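> 3D model of this:
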Amino acid sequence: MPWTLEPGRDAVRLTLSEQVDVVEAADLHRVLTELVHDRRGVAIDMSACAAIDCTTLQLLLAFRHARASGGASTTVTVAPGPVADTLRRLGLQALIGARA
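Presented below is the predicted three-dimensional model:
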């Protein structure tokens, strides 16, 4: 899988790398579903991610929304590059480095 999950005492770090697309969507959905009600903070690091598709983006947005609705914190880090450019083109630049 093009991601790693590092659970810590106070936070969980999900690092996406390479290209994350519809091929991995079911597995990523399973991981996010397990984390959605976790009371620890969740840090999603997309700095090493080369590309995402709309399926991945939809999963991440739904995850952030569900966590925010429950009062849980989520941070997203995106490095300058293709993923950040995609988010800007879609008008989702607020997601870059955002906290919810």
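> for the protein, just list every one of the strands.
3-7, 11-20, 41-52, 74-77 (DSSP state E).
> would you mark the buried spots in the longest one?
Taking 16 or more other Cβ atoms under 10 Å as the neighbour-count basis, strand 41-52 is seen to contain the buried residues G41, V42, A43, I44, D45, M46, C49, I52. Where you see a C-beta, it was placed from the backbone N, CA and C, and this is true even at glycine.
> picking up where we left off before, among the strands of the chain, which comes closest to L61?
The closest of the strands of the chain to L61 is strand 74-77. By Cβ to Cβ, the value is 9.9 Å.
> helices or strands up against the closest one?
strand 41-52, helix 54-69 (3 or more Cβ pairs under 8 Å, 6 or more residues apart in numbering; DSSP states H and E).
> how far away is L60 from P7?
L60 is 19 Å from P7, where distance means Cβ to Cβ, to the nearest Å.
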